[in-house]
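Participant: With the sequence up front, the predicted model follows.
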Amino acid sequence: MLSHLTATLDRALPLAVPQAYTHKSNPGEVLLATWWQTGVDAYTITARWPASHGFYRGRNGLHDPLLLSETIRQTLPFLSHAAYDVPLGHQLLWQSFAWELTPTALRAERGSDAEIELRIVCPEVTYRKNRAASIAMEVEALRDGTLLGTARTRFTIQDPAVYRRLRGPYADMAAANAGALPPARPMAPHRVGRESDRDVVLSPTGSTGCWELRADTSHPILFDHPVDHAPGMLLIEAVRQAAQAANSPRPVVPVAMDLTFARYAELDTPCRFHAERLSPDALHIRAEQNGALIFTANVTVADVPRH
């Protein structure tokens, strides 16, 4: 998909990635390490996946595949601020996100962090005055020089005044959190590939292939800092858990997702996930809230590779 990124790169002096630019309040959750520009709208970013993580835990001898999603998620605000002059305090709105990876490249070496290199191009950048207003990004992720996966994403950037108008009453973050529903009853952790109730983000509904989003705003990883809506990584985790639940008891690993976002998922109203099987290894998932579509996702899984 990104063969033009594999050309020899002109390695400029790497710069450290500031924590604030990743939009993470806990420094231990920052995965990005260094970055440098390699051309017009082209960048390389290094990242480190910890050998053990409080939420994205390795299983079956593999690093959690959603570490790739979170690593790329951190690049969105980082490059917006570092490369495209977007001030802190602006909000990012995900429009689409698709990725695919090779599960064998996720192998975890006992006690060792994984060093990841992201080679990024931004083929479409639109500007409002002197800052970027929307960015399309293509990513090639490598581990030890071997292709780990590829991704593409598109997002828009809203200044605070526009964001307040867009969000209406939900722009009041304190009120949005005060009105959040209490976490619903969790699925059994083993059904969704988790070990504890706290890390389960789906609740049973009594209907096959249908679950309710379980948003625990006190979760230290998924809600690293206060927000006025369900975070994108929470929704991606819900897709992963839905895919595992739909294939239970068969242990699977997600190897591709393709998500299109329509609107924010609010914290004060139930959000339902509905899964339709496309093939033995693929599901189409849609999320709805108040009768409106929140997002759709196609997710592909594979059997856990043997070592």
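Facilitator: Great, that's in hand. Nothing here was measured: the structure is a model prediction, and the numbers come from that model. Numbering: from 1, shown residues only.
Participant: Poorly predicted segments of the stretch 51-200 of the chain, please.
Facilitator: The stretch 51-200 of the chain contains no residues with pLDDT under 70.
Participant: Helices along that one, start to end?
Facilitator: Per DSSP state H, counting those that start in this stretch, the stretch 51-200 of the chain carries helices over the ranges 66-84, 160-167, 173-178.
Participant: mind putting those helices in JSON lines, distance to residue 288 included?
Facilitator: C-betas here are computed from N, CA, C, even on glycine. Output for the helices of the stretch 51-200 of the chain, formatted as JSON lines (distance: least, C-beta to C-beta, whole Å):
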{"stretch": "helix 66-84", "distance to residue 288": "22"}
{"stretch": "helix 160-167", "distance to residue 288": "20"}
{"stretch": "helix 173-178", "distance to residue 288": "20"}
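Participant: which of those sits most buried?
Facilitator: helix 66-84 (a mean of 22; mean count of other C-beta atoms under 10 Å).
Participant: how about the strands in the protein?
Facilitator: Using DSSP state E, the strands of the chain run over residues 15-16, 32-39, 42-49, 91-101, 114-128, 131-143, 146-158, 202-204, 210-213, 252-261, 272-279, 282-289, 292-303.
Participant: Tabulate the ones you listed (TSV), appending mean neighbour count and distance to residue 171.
Facilitator: Compiled in TSV, those are given as follows (neighbours: other C-beta atoms under 10 Å; distance: least, C-beta to C-beta, whole Å):
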stretch	mean neighbour count	distance to residue 171
strand 15-16	10	33
strand 32-39	17	28
strand 42-49	21	31
strand 91-101	19	10
strand 114-128	17	20
strand 131-143	20	19
strand 146-158	19	11
strand 202-204	20	27
strand 210-213	21	21
strand 252-261	20	18
strand 272-279	15	25
strand 282-289	18	18
strand 292-303	18	18
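Participant: Put together JSON lines for those strands, with distance to residue 193 on each row.
Facilitator: Shown next, in JSON lines, are the strands of the chain (distance: least, C-beta to C-beta, whole Å):
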{"stretch": "strand 15-16", "distance to residue 193": "34"}
{"stretch": "strand 32-39", "distance to residue 193": "26"}
{"stretch": "strand 42-49", "distance to residue 193": "18"}
{"stretch": "strand 91-101", "distance to residue 193": "17"}
{"stretch": "strand 114-128", "distance to residue 193": "20"}
{"stretch": "strand 131-143", "distance to residue 193": "22"}
{"stretch": "strand 146-158", "distance to residue 193": "19"}
{"stretch": "strand 202-204", "distance to residue 193": "11"}
{"stretch": "strand 210-213", "distance to residue 193": "14"}
{"stretch": "strand 252-261", "distance to residue 193": "8"}
{"stretch": "strand 272-279", "distance to residue 193": "15"}
{"stretch": "strand 282-289", "distance to residue 193": "15"}
{"stretch": "strand 292-303", "distance to residue 193": "11"}
